[in-house]
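Return a 3D structure for these sequence lines:
(2 chains)
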Amino acid sequence: TQLLEQSPQFLSIQEGENLTVYCNSSSVFSSLQWYRQEPGEGPVLLVTVVTGGEVKKLKRLTFQFGDARKDSSLHITAAQPGDTGLYLCAGSRDDKIIFGKGTRLHILP
Amino acid sequence: DSGVTQTPKHLITATGQRVTLRCSPRSGDLSVYWYQQSLDQGLQFLIQYYNGEERAKGNILERFSAQQFPDLHSELNLSSLELGDSALYFCASSVGDVLGRGEAFFGQGTRLTVV
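Modelled structure (predicted):
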């Protein structure tokens, strides 16, 4: 059983469209991180959310932590081809950082 | 550049062999994590060391072992290799106690191919 479920697994949309991807769990996390990984590279940290209900913005990316600290969402406005990649959420729990399987996002020019 | 250095970048070896992967954490980071990434399983946590001591263990096989040295670099040893061990192995480091914000910085990984 995957502790962090990400959806959708794959998403292919046109440049300029908006999208939301989700990270859900039945467990509470002290914090959640979002990473982006490109082929042949390691994941790169985008943001950490700590407080339930917290919203953080990174240019066209908006991250939200659920009130109960069990889930998170990533919304991208006006997607660009440079946003293409694997988006991973990760949670801190019991001295471990656990990753979801990711959403593979492809933005078509 | 995350500041985390992993060597080698690529490794091809035969079944039954033993290999060592090396990781140098970011300057000042005390925690080192090892992950295995395969297409079907995603990023699987293997083991964490904090300031030289094992801190947390994940889905690490008995054929695998790791250690963190006094200079804080870490090595992951994989023995009796099987075809299914072929994967990307990532090292990550963080500044301190994972019970905090849990942010980790990843190296570029070692691609292991077992033939």
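
Spit out the contact partners of residue A:42.
B:2, B:4, B:90, B:92, B:106, B:107, B:108, B:109 (C-beta atoms under 8 Å, 6 or more residues apart in numbering or on different chains). For every residue, glycine as well, the C-beta is placed using N, CA and C.

Contacting chain A as well, which ones from those?
When contact is defined as C-beta under 8 Å from any C-beta of the partner chain, the contacts of residue A:42 meet chain A at B:2, B:4, B:90, B:92, B:106, B:107, B:108, B:109.

Check whether the last one really touches residue B:6, as I assumed.
Yes - between residue B:109 and residue B:6 there is a contact under C-beta atoms under 8 Å: 6.1 Å.

can I get the CA coordinates of the helix or strand containing residue A:36 in CSV?
Taking DSSP states H and E as the definition, residue A:36 sits inside strand A:32-37. Output in CSV follows, covering the C-alpha atoms of strand A:32-37 (Å, rounded to 0.1, in the frame of the first residue of the first chain):
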residue,chain,number,x,y,z
LEU,A,32,4.9,17.8,2.9
GLN,A,33,7.3,18.6,0.2
TRP,A,34,6.9,18.9,-3.6
TYR,A,35,9.8,18.0,-5.8
ARG,A,36,10.3,18.1,-9.6
GLN,A,37,12.5,15.5,-11.3
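
just the angle between the helix or strand following that strand and strand A:32-37, please?
Per DSSP H and E, the first helix or strand lying C-terminal to strand A:32-37 is strand A:44-49. Interaxial angle, strand A:44-49 versus strand A:32-37 (axes from the mean of the first three to the mean of the last three C-alpha atoms, to 10 degrees): 160 degrees.

could you give the mean pLDDT of strand A:44-49?
The pLDDT scores in strand A:44-49 average 92.

Name every strand pairing with the least confident helix or strand in chain A by mean pLDDT and say which way it goes.
Least confident helix or strand, chain A: strand A:96-99 with a mean of 80, by mean pLDDT, DSSP states H and E. Sheet pairing here is set by DSSP bridges, and for strand A:96-99 it gives strand A:85-93 (antiparallel).

What lies in contact with the partner strand?
Contacts of strand A:85-93 (C-beta under 8 Å, 6+ apart): A:3-4, A:6, A:21, A:23, A:25, A:27, A:29-38, A:43, A:72, A:74, A:97-100, A:102-105, B:42-43, B:98-102, B:104.

List only those of those flagged as buried.
Neighbour-count burial (16 or more other C-beta atoms under 10 Å in any protein chain shown) applied to the contacts of strand A:85-93 gives A:4, A:6, A:21, A:23, A:25, A:29, A:31-37, A:43, A:72, A:74, A:97-100, A:102-105, B:42-43, B:98, B:101-102, B:104.

how close does residue B:6 get to chain A?
8 Å (C-beta to the nearest C-beta, to the nearest Å).

so where's the chain shaky on pLDDT?
Using chain A here. Flagging of chain A using pLDDT under 70 yields the residue ranges A:1-2, A:94-95.

should've been chain B
If you take pLDDT under 70 as the line, chain B has these spans: B:97-102.

Helices of chain B, residue ranges please.
Read by DSSP state H, chain B holds no helices at all.

What parts of it come near chain A?
By the rule C-beta under 8 Å from any C-beta, the part of chain B lying against chain A is B:2, B:4, B:33, B:35, B:41-45, B:48, B:55-56, B:58, B:90, B:92, B:98-109.

Now the buried members of these.
B:2, B:4, B:33, B:35, B:42-45, B:48, B:55-56, B:58, B:90, B:92, B:98, B:101-109.

export the contacts of residue A:42 to TSV and tack on distance to residue A:67?
Shown next, in TSV, are the contacts of residue A:42 (distance: C-beta to C-beta, whole Å):
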residue	distance to residue A:67
B:2	32
B:4	34
B:90	32
B:92	29
B:106	30
B:107	35
B:108	37
B:109	35
